[in-house]
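Novice: starting from these lines, generate the structure:
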Amino acid sequence: MLKRFMALSASLLLVGGLLAGCGGNSTNNTANNTGGTAGAGNTPTDSAKPVTINMFTASPEYTDAFNAYIAEYKKVKPNVTINLEIMQADYNTVLKSKIAAGSTPDVFQTTAGGDIDTFAEYSADLTNEPLAAAMTDAVRSNMSSTDGKVLGLPVKGNLFVLMYNKKLLADAGITEVPKTTAEMDDAITKLEAKGITPFANAYKEWWVWKHIFQHFVDAAATDAGTDAKTLVADFIAGKTTFKDHPVLSDNFFTFIDTTVKHGTDKPLERDSNAEVSDFALGKTAFMTGKGAWDEEAIKKITPDFDLGIAGYPVSDKPEQSQIITGADQALRINKDSAVAAETIEFFNWLYTSDYGKSWFSNVAKVIPPIKDAPMPDLQMPKEMEEILKTEKSGDLSVNYSLDTFHQKFGELMQAYIGGSKTKDQAMDEIQKAWIQFGSAE
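Specialist: As a prediction, the model looks like this:
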């Protein structure tokens, strides 16, 4: 077990019983398993024997979609029941308490990238499974450990952008989406002259901060003549600081200050749902810190919403305003599960069957993480495809740090905009957190 994880285990075990009972935002449902090949060394049980798979995830936005494939799989394997538990608040803490207590779910969710290695000892090796062969090359890389083993499987491909309301920008006379800091300042002036609030934020959530910050990390890496993975590794190793990178020490904090000054009231009280509502109802022109998963929620509130996507204006260089694509969330199959073979069989079915290929696009309505599935009939994926015809995607740099760091980072940024930390204090503590929590080593 990893050193840091071991250090947490004793205390988590003490609170495990309490946390595991938290009802929070959890959903429980039942259903079934799959057909396909099982993992090496695993043999599915007799098809008539009842099998129960316990699945623990942190993606409430896909509750209906998960229930749909659970119900469909029941038709394929009537003997398989899938118990689905979904929790968003305190998910990471509860997951660790379950693992520490020896009750690791059959399927659980983590972030991709560095956390692939963090939870490696609990994860089934999927390298030679049909589901791994079905993944796109970029997604497979996001699901692989440092030694090349595929230890996770993605719920979806993802897209991280600055969203905007096309109608409101047009109403303010903004004909080009701002790509530089100066263009954004001009857009803010034009919007407010029309009585339009520029930004919807969800700064109550710790995780929105990493989605914004990664755009600035990518730009800082470019300015330093390196790549984002190397730059993040240098921060984790203590080889560089914010002050070596003006895009981080100046531009990032200026952007956050701007979104607070020209955004919705009480930013530390606005959660993800409130932000989506503010934006979907036309109260703001831009929405920060979010991604492709929000389109369905926006369209449920305002079906004819004309949604646009763009990179963040991170500097005075328009080419540094990039959308970011990739897979940042992974499902893991517990290698020690009594039903590991049946669970692998289920996901092989989802990733390779005709139903599974259509599930990503038509049911979950997400960017498919597999090679031969169509894009969903939604604005954001379509605009993504058009943008990527002429522009490069930014690097999904959130994957190069663990979520233990990202959560601390979000908390420190909340303290900054709340006024309890200065910018210099926030930068200093973020750098220390990167060294302490940034990697699994």
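Novice: residue contacts, the residue sitting furthest away from the middle of the chain?
Specialist: Most distant residue from the mean C-alpha position of the chain: residue 48, 37.6 Å away (C-alpha atoms, centre = their mean). Residue 48 makes contact with residue 79 under the criterion C-beta atoms under 8 Å, 6 or more residues apart in numbering. (Each C-beta comes from the backbone N, C-alpha and C, glycine too.)
Novice: what's the distance between it and residue 80?
Specialist: Using C-beta to C-beta, to the nearest Å, residue 48 is found at 11 Å from residue 80.
Novice: how about residue 390?
Specialist: Taking C-beta to C-beta, one finds residue 390 at 46 Å from residue 80.
Novice: same deal with residue 225?
Specialist: 52 Å.
Novice: which one of the two has more residues nearby?
Specialist: residue 80 (27 against 7; other C-beta atoms under 10 Å).
Novice: can you list the low-confidence ranges for the chain?
Specialist: 1-47, 440-441 (pLDDT under 70).
Novice: so which residues of it form strands?
Specialist: Counting by DSSP state E, one finds strands in the chain at the ranges 27-29, 51-57, 80-86, 107-111, 153-154, 158-165, 197-200, 284-291, 307-310, 324-326, 329-333.
Novice: I'd guessed residue 289 sits against residue 201; true?
Specialist: Yes. Using C-beta atoms under 8 Å, residue 289 is in contact with residue 201, at 6.9 Å.
Novice: the more surrounded of those two?
Specialist: Ranked by neighbour count (other C-beta under 10 Å), residue 289 and residue 201 place residue 201 first, with 27 against 24.
Novice: quick one: contacts of stretch 114-121?
Specialist: By C-beta under 8 Å, 6+ apart, the residues outside stretch 114-121 that reach it are 1-2, 5, 110, 123, 142-146, 149, 151-152, 330, 332, 399-403, 438-440.
Novice: ok, of the residues you listed, which come out buried?
Specialist: 5, 110, 123, 142-145, 149, 151-152, 330, 332, 399-403, 438-440 (16 or more other C-beta atoms under 10 Å).
Novice: first-to-last residue distance for stretch 267-284?
Specialist: 13 Å (C-alpha to C-alpha, to the nearest Å).
Novice: find the centremost residue of the protein, please.
Specialist: In the chain, the centroid-proximal residue (C-alpha atoms, centre = their mean) is residue 328; its distance is 4.8 Å.
Novice: my guess is that residue meets residue 395, correct?
Specialist: No. If you go by C-beta under 8 Å, residue 328 and residue 395 don't touch, sitting 11.8 Å apart.
Novice: what about the residue nearest to residue 407 when sequence neighbours are not counted, neighbour count?
Specialist: Computed as C-beta to C-beta, 6 or more residues apart in numbering, the closest residue to residue 407 that is not its neighbour in sequence is residue 206, at 5.1 Å. As a burial measure, residue 206 scores 17 neighbours (other C-beta under 10 Å).
Novice: let me see the contact set for residue 206.
Specialist: Taking C-beta under 8 Å, 6+ apart as the test, what residue 206 contacts is 406-407, 409-411, 414.
Novice: need phi/psi at it.
Specialist: Torsion angles at residue 206 (phi, psi; degrees, to the nearest 10) stand at phi -70, psi -30.
Novice: please report how far the residue nearest to the centre of the chain lies from residue 97.
Specialist: Distance of residue 328 to residue 97, given as C-beta to C-beta: 23 Å.
Novice: mind listing what's buried in stretch 402-419?
Specialist: With burial defined by 16+ other C-beta under 10 Å, the residues of stretch 402-419 counted as buried are 402-410, 412-417.
Novice: now that stretch: how far from the chain's centre is it?
Specialist: Put simply, stretch 402-419 sits 16 Å off its chain's centre (C-alpha atoms, centre = their mean, to the nearest Å).
Novice: what does it contact?
Specialist: For stretch 402-419, contacts defined as C-beta under 8 Å, 6+ apart pick out 4, 92, 110-111, 114-115, 118, 203-210, 213, 253, 256-257, 260, 267-268, 398, 421-423, 425-426, 429-430, 433-434, 436-440.
Novice: so which residues of the stretch 151-300 of the chain form helices?
Specialist: Using DSSP state H, counting those that start in this stretch, the helices of the stretch 151-300 of the chain run over residues 166-171, 181-193, 207-223, 228-236, 246, 253-261, 272-280, 295-301.
Novice: swap that for the stretch 301-441 of the chain, sorry
Specialist: 340-352, 354-358, 379-387, 403-418, 423-437.
Novice: kindly compare burial across these and name the winner.
Specialist: Per residue and on average, the most neighbours among these fall to helix 340-352, with a mean of 25 (mean count of other C-beta atoms under 10 Å).
Novice: on that earlier part again, can I get the contacts of residue 206 in JSON lines with distance to residue 274?
Specialist: Formatted as JSON lines, these follow (distance: C-beta to C-beta, whole Å):
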{"residue": "406", "distance to residue 274": "21"}
{"residue": "407", "distance to residue 274": "20"}
{"residue": "409", "distance to residue 274": "22"}
{"residue": "410", "distance to residue 274": "17"}
{"residue": "411", "distance to residue 274": "19"}
{"residue": "414", "distance to residue 274": "15"}
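Novice: thanks a lot, catch you later.
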